[in-house]
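S.K.: Need the 3D shape of this:
(one chain, ligands or ions: 2)
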Amino acid sequence: MAEDGSVTVRVPAKVNVQLAVGGLRPDGFHDLANVFLAVGLHDEITAAPAGAPGITVTVTGPDAGQVPLDRTNLAVRAAELLAARHGIEPRVRLHIAKDIPVAGGMAGGSADAAGALLACDALWDTGASREELLDICAELGSDVPFSLLGGAALGRGRGELLTPLDVGGTFHWVFAVADGGLSTPAVYRECDRLREVSGTGATATDIPDPEPSRPLLDALAAGDPAALADALTAGGAGNDLQAAALSLRPSLADTLAAGTRAGALAGLVSGSGPTTAFLAGSAREAELLAGALRDSGTCRTARVAASPAAGATLLTPARTPAPTAVPVPEPAPPGTAPAHPPA
Ligand SMILES: C[C@@](CO)(OP(=O)(O)O)[C@H](O)COP(=O)(O)OP(=O)(O)OC[C@H]1O[C@@H](n2ccc(N)nc2=O)[C@H](O)[C@@H]1O
Ligand SMILES: Nc1ncnc2c1ncn2[C@@H]1O[C@H](COP(=O)(O)OP(=O)(O)O)[C@@H](O)[C@H]1O
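M.R.: Ligands and ions are numbered 1, 2, ... in the order given. As a prediction, this is how the structure comes out:
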């Protein structure tokens, strides 16, 4: 805990190296085989004690103006839900230092939810288990459990049922950030519409169960960017929402073409978009690729990031650490105070 009693948590963005989308379920969600990879772009969420009851939130960063400051903010919802579960009257000021593009398909809102949850849990010392925190995450949104976990994981169900995956090395990415966002529900709806018009149908009875790609999981485990690129391109793994994102934002085709021309090993839309993700062979190649994408005029900016990244992490210790060793006081001469008063 910092001197002012606040707690800060750092949470990564994600890219979906595979997003296999099943049919539309009766509850409005789609079953997924969602291969999440946490990447080194981060938001930081600080929870500070407040004098008055309630939860307030402030946001800084280039996209701060696009983030809601009311109860629809996922960080606020996370704090509310944790407080309600533990019978706590919340008194907290949340602050989000936002670096993850907003509505970009990189799970920034989910990151803030997971971060606020972990920060408030530490602030209020609720003693919640990891399972309870993951359960609250799943209630907040399909992607939120992965933001807590980080690393790499296969998400089944609507994406909330996670199995951690092995990653055998560092992958280097460039993220081309687009102007404006895309709404996740709108992209899923467009995916259903495209399936209907193509004649396959869009429900769970029309679409085969989504399955992870074995070559893709092997490439991750081997830490082999060339093999991952093969699985993403020739191997047919990839993002089933990509066609829908391109249909809603046709200019993304220009960004994908610019990345390929500039030497990316593979390029894909990140989740529901509109951020596009490009795999590079090394950190140096990623820097060069980012420069070429910025110069191409097909994106707002390009960011370099490595993966995998750790999940939500406390930056400030939860409590003032207990002294690790208590020095044995020298016997004090009569009439003086001990050199080390007892703790
Ligand atoms: C597409 C993905 C890929 O990881 O993320 P983004 O790229 O947007 O970040 C996720 O599936 C987004 O997860 P998340 O943003 O948490 O979605 P939720 O809040 O749970 O759901 C928002 C809406 O998206 C649709 N939805 C979400 C998940 C899912 N498996 N099927 C869906 O159809 C539903 O219309 C739902 O009402
Ligand atoms: N803390 C938050 N940060 C960003 N967006 C948020 C947050 N809380 C709620 N939202 C809302 O969620 C929407 C999706 O944002 P985000 O999670 O960044 O994108 P995506 O779902 O594409 O990964 C935003 O348009 C915004 O209205």
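
S.K.: Smallest gap between the stretch 51-200 of the chain and ligand 2, at which residue?
M.R.: Ligand 2 sits closest to Gly109 of the stretch 51-200 of the chain, with a gap of 2.8 Å, by C-beta to the nearest ligand atom. For every residue, glycine as well, the C-beta is placed using N, CA and C.

S.K.: which ones are touching that residue?
M.R.: Counting by C-beta atoms under 8 Å, 6 or more residues apart in numbering, Gly109 makes contact with Asn73, Leu74, Val102, Gly141.

S.K.: pLDDT check: weakest of the residues you listed?
M.R.: Sorting these by pLDDT puts Val102 at the bottom of the list (95).

S.K.: tally of neighbours for that residue?
M.R.: 19 (other C-beta atoms under 10 Å).

S.K.: Scan the contacts of Gly109 and report the most crowded one.
M.R.: Of all the contacts of Gly109, the highest neighbour tally under other C-beta under 10 Å goes to Leu74, namely 25 neighbours.

S.K.: For the closest residue in space to that one that isn't next to it in sequence, which three-state class applies?
M.R.: Using C-beta to C-beta, 6 or more residues apart in numbering and skipping the chain neighbours, the partner closest in space to Leu74 is Ala113 (3.9 Å). For Ala113, the secondary structure call by DSSP: H, G, I helix; E, B strand; the rest coil comes out as helix.

S.K.: do the one 10 residues further on as well
M.R.: Here Leu123 takes the helix state, with states given by three-state DSSP.

S.K.: what residues does the stretch 201-343 of the chain put near ligand 2?
M.R.: Near ligand 2, the residues belonging to the stretch 201-343 of the chain are Ser272 when assessed by C-beta under 6 Å from any ligand atom.

S.K.: residue ranges for the strands of the stretch 201-343 of the chain, please.
M.R.: Along the stretch 201-343 of the chain, the segments classed as strands by DSSP state E, counting those that start in this stretch run 266-269, 276-280, 301-307, 313-314.

S.K.: Tell me which of these is the most buried.
M.R.: Each of these was scored by mean neighbour count; the highest is strand 276-280, a mean of 28, by mean count of other C-beta atoms under 10 Å.

S.K.: in its sheet, what does that strand sit against?
M.R.: strand 171-177 (antiparallel), strand 266-269 (antiparallel) (DSSP bridges).

S.K.: Compare those strands and give me the one nearest Thr276.
M.R.: Closest to Thr276 of those is strand 171-177 (C-beta to C-beta; 4.6 Å).

S.K.: That closest one: how far from the chain's middle?
M.R.: For strand 171-177, the distance from its own C-alpha centre to the chain's C-alpha centre is 14 Å (C-alpha atoms, centre = their mean, to the nearest Å).
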